[in-house]
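Visitor: Got a predicted structure plus its sequence, pasted below:
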Amino acid sequence: MSDKPLYLQLADTLAQKIKELFSPNDKLLSERELTNQYGVSRMTVRLALQELETRGLIYKKHGKGTFVAETSDSTVDLSATYSFTDHMRNLGKNPKTKILSFSEIRASEYVANQLNLSQNDMVYEIERLRIADDVPMMIERSYIPKDIFKGLRCERLYEKPLYEIFSDDYSQTIRTAEEEFFASIALDRESKFLKIKTGSPVLHIIRKTYNTKNHIIEFTFSIARADQFRYKITHHKPN
């Protein structure tokens, strides 16, 4: 008899079935159906599904059920590109952006430090919900210097992606970007927008974007669904 808890044994069994028999976004059996099929308690099934959600193998839609997450190469590789919109299109997905807020504010000490500005310099604060194929993927809060992007309007963000606005409207070419990642769990507000359970795993992403003059033109803090993203890095052994 295995020493592993019963819910973990069931989670391993379901994980293997998902790998062999299911495709991304396929719907799983309900908790009641799994209880009957495997002859275990409802709590055991619930704990097993929570374990699979933690592993990033499934996701839940409120009122609709539990579905298989995209864990193949079609999930978004965060290391592959700067542009969410471009990368979604390259994957054959339909990207959408919902503007949650747009405002001109005085930079806090923290934001000013990130953008190499003086405290109380004016910046645009833009919060966006990023969506692909009607699945909410991440929440982004961006800060960009008003002095560089004078006249920017919220309506323009509905007309074209932010990075295209940088280049087309303001002749700002992106040279490089620095990103920092750390794992966390979704809080109530984040889970509401991302349509995941409070406490589900998420990725926090901090990005600084530099132009060709090495000036920071964007500071963005993002919260991404862990079941929809992966990060890939290749290490090379020095000679």
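Guide: On my side now, so go ahead. Numbers count the residues shown, from 1 in each chain.
Visitor: Tell me the confidence at the closest residue to Asn116 other than its chain neighbours?
Guide: Taking Cβ to Cβ, 6 or more residues apart in numbering, and ignoring the residues beside it in sequence, Asn116 has Ile216 as its nearest neighbour in space, at 5.6 Å. In this view, the C-beta of every residue, glycine as well, is placed from N, C-alpha and C. According to the model's per-residue confidence, Ile216 sits at a pLDDT of 93.
Visitor: any idea how far the longest helix belonging to the chain is from the chain center?
Guide: Longest helix in the chain, counting residues (DSSP state H): helix 6-21. Between the centre of helix 6-21 and the centre of its host chain there is 25 Å, according to Cα atoms, centre = their mean, to the nearest Å.
Visitor: got the CA coordinates for the helix or strand that comes right after it in PDB?
Guide: Beyond helix 6-21 on the C-terminal side, the first helix or strand identified by DSSP states H and E is helix 31-38. Output in PDB follows, covering the C-alpha atoms of helix 31-38 (Å, rounded to 0.1, in the frame of the first residue of the first chain):
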ATOM      1  CA  GLU A  31     -16.500  16.300  -8.800                       C
ATOM      2  CA  ARG A  32     -19.600  14.100  -8.400                       C
ATOM      3  CA  GLU A  33     -18.700  12.100 -11.500                       C
ATOM      4  CA  LEU A  34     -15.100  11.600 -10.400                       C
ATOM      5  CA  THR A  35     -16.300  10.600  -6.900                       C
ATOM      6  CA  ASN A  36     -18.400   7.900  -8.500                       C
ATOM      7  CA  GLN A  37     -15.800   6.800 -11.000                       C
ATOM      8  CA  TYR A  38     -13.000   6.300  -8.600                       C
END
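Visitor: helices and strands around the next helix or strand after helix 31-38, which ones?
Guide: Later in the chain than helix 31-38, the nearest helix or strand by DSSP H and E is helix 42-54. Using 3 or more Cβ pairs under 8 Å, 6 or more residues apart in numbering; DSSP states H and E as the contact definition, the elements that helix 42-54 packs against are helix 6-21, helix 31-38, strand 58-61.
Visitor: what's the spacing between stretch 152-170 and its chain's center?
Guide: Computed by Cα atoms, centre = their mean, the separation of stretch 152-170 from the middle of its chain amounts to 21 Å.
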